[in-house]
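>>> Sequence first, predicted coordinates after that:
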Amino acid sequence: MLSKEMTMPVINRIAAFEADMTGWRRHLHAHPELGFECHKTANFIADRLRNFGVDEIHEGIATSGIVALIRGRAPGPTIGLRADMDALPMQERSGVDHASRAVGRMHACGHDGHSTMLLGAARYLSETRNFSGSVALIFQPAEEDGGGGGRMVEEGIMDRFDITQVYALHNAPGLPEGTFRTVPGPLMAAVDTLHVHIRGVGGHAATPHVTRDPIPAVIGIVSAIQTIGTRNADPLDDLVISVTQIHTGSAENVVPETAYINGTVRTFDPAVQDLVEERLRAIVAGQAAAYGVEAELIYERWYPATVNNPEKAAFAADVARTISGEVLWDDGKEMGAEDFSFMLNARPGAFLFLGQGATAPVHHPEYDFNDSIAPVGASFFARLVETAQPLKTGQEES
C-alpha cells in the first residue's frame, strides 16, 4: 500500500488493483532477460494487454518490442508512452522473496517497475477510454545495451502508428517517494565508447630493449586523455571522459605483445563530441609513434543526449503536480544516458524521474523497485493521456 506520507491523489481505480501490479512487477523481477532477447517478458506483457482488451498489439519490433494501441472515444492524434523491459548482467543480492531466478541477470534498474506502471495505465485506459485519439503503449528491449529505443524508431514506429508526442518515466532512488523531477531541455548526456587496441612486440622482461613494450604507450595515452577536458575543451562545457578498463600482461617476467584501453565519454554538445574524437585520434596516433607500437582507436557514438521539449516538459510537470504536488523543476542535468533520447529526437516529448525513496541505487546488487510508487506512475501516465487528448463536450457518450 502507499505509505502514509504520500498524500497524492492516485486514481482510485488504479489504487484498487495495486496488488495486481505488485504481482506483475515481482514476476518480471524474478524472470529478468537481457538486451533484445526479452521474449518471455514481452509474452507476459502481451498476455496482460490482451486481457485488458487493448485494440491492437504489434509484437516483434526491434526483436522483442511491443507497440499496443488503445483507441479513445473520439478521433484525434496518438500519444506515445514508453517503458523499457530489459535487465542487467549482474548477480542479485537483494534477499527478497521475488529475487532473480536467473544466475547473472537482475532487474537492477527498475525496468520491471517501469513496465508495470505502463501496464497499470493500460488497464485503466482500456476500461475508461476517457480521451480522444489513441495511445500507443511502447514496451522496448535493450535500453541498457544496444539502443533498443533507437531500433524501434529505425523500424518506423513513430510514422507507422502516427505518434505525435512521447513520454517516459524512470524511477529515482534517493529522490523522495512520489516526487517527480524533470527539466525543460537537456536532461541526460550523450554517451560514446572508446576502444584502443595496441600491438607491440613481446619478449622477456630481462631484455626489454629487443621488445616494443605496449605498456608505456598505455600510460602515455591514458595520461594524455585527461588533458582533453582540462586543456582542449571549454571549462564551461559539460564533458566527462573516464577510462574504465586497461587489460595487458600475464606474468612479471613477460613483456606483453598487446594492450587494450576502454572508456566512456559523456557530452551534451555535438561539437564537443567532435572535439573529443579528434583529440583522441591525435593522441593515440602520436603516442603510438612515440613508443614504436601500432595502435587503433575505435570510437563508437551510442546514445544521443536526452533533451526534453520545453513545452512538453512543462506540460508533463503540470500533470505530475496533479498526482503528486511534488515536482522538482529545472534543477539541473546529469551525465547519465538514456536511449529514450532516440524517441525524443523523433518526436517532441519529455522524460521524467519518479522518486522511490531511500533505497539502494540503481545498478546495485541490492536494488529493488519500490512497488508503492507503481500506482503513482500509472496514474501519471493515465492523466497525461486524458489531459493531452481530452474529450470535448458531447463526446463522452459517443
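All right, it came through fine. Predicted model only: the values in this text are computed from it and were never measured.
>>> The residue nearest to the spatial centre of the chain and residue 292, how far apart?
For the chain, the residue nearest the mean C-alpha position is residue 338 (3.6 Å; Cα atoms, centre = their mean). Remark: distance between residue 338 and residue 292 (Cβ to Cβ, to the nearest Å) = 42 Å. The C-beta positions use only the backbone N, C-alpha and C, and glycine is treated the same way.
>>> What of residue 316?
Residue 316 is 56 Å from residue 292, by Cβ to Cβ.
>>> Comparing the two, which residue is more hemmed in?
residue 316 (28 against 14; other Cβ atoms under 10 Å).
>>> for the closest residue to that one other than its chain neighbours, helix, strand, or coil?
Once flanking residues are discounted, residue 316 sits nearest to residue 350: 4.4 Å by Cβ to Cβ, 6 or more residues apart in numbering. Three-state assignment for residue 350 (DSSP: H, G, I helix; E, B strand; the rest coil): strand.
>>> count of neighbours near residue 350?
Neighbour tally, residue 350, other Cβ under 10 Å: 30.
>>> Contact partners for it?
Listed by Cβ atoms under 8 Å, 6 or more residues apart in numbering, the contact partners of residue 350 are 167, 182, 308, 309, 312, 313, 315, 316, 344.
>>> same question, residue 357
Counted by Cβ under 8 Å, 6+ apart, residue 357 has contacts 173, 175, 176, 177, 370, 373.
>>> Recalculate using a threshold of 7 Å.
Residue 357 is in contact with 176, 177, 370, counting by Cβ atoms under 7 Å, 6 or more residues apart in numbering.
>>> Of all the residues in the helix or strand encompassing residue 374, which ones are buried?
Residue 374 is located in helix 374-388, with elements delineated by DSSP states H and E. Going by neighbour count (16 or more other Cβ atoms under 10 Å), the buried part of helix 374-388 is 374-386, 388.
>>> Show me the two of those that sit farthest apart.
Greatest spacing in the buried residues of helix 374-388, by Cβ to Cβ: 374 and 388 (21.4 Å).
>>> Give me the contact list for the helix or strand that contains residue 288.
Using DSSP H and E, residue 288 sits in helix 270-291. Residues outside helix 270-291 that contact it (Cβ under 7 Å, 6+ apart): 190, 192, 194, 196, 216-217, 220-221, 224-225, 228, 232-233, 237, 239, 241, 265, 267, 294-295, 297, 299, 301.
>>> Mind pulling the model confidence for the nearest residue to residue 50 once chain neighbours are set aside?
Excluding the flanking residues, the one nearest residue 50 by Cβ to Cβ, 6+ apart is residue 57, at 6.7 Å. Looking at residue 57, its pLDDT reads 98.
>>> For residue 57, give its distance to residue 104.
With Cβ to Cβ as the criterion, residue 57 and residue 104 are 31 Å apart.
>>> When the two are compared, which one has more neighbours?
residue 57 (15 against 12).
>>> Can you name the residues bridging to the more buried one?
With DSSP bridges as the criterion, residue 57 is bridged to residue 68.
>>> Now do the contacts for it.
Residue 57 neighbours (Cβ under 7 Å, 6+ apart): 46, 49, 50, 66, 68.
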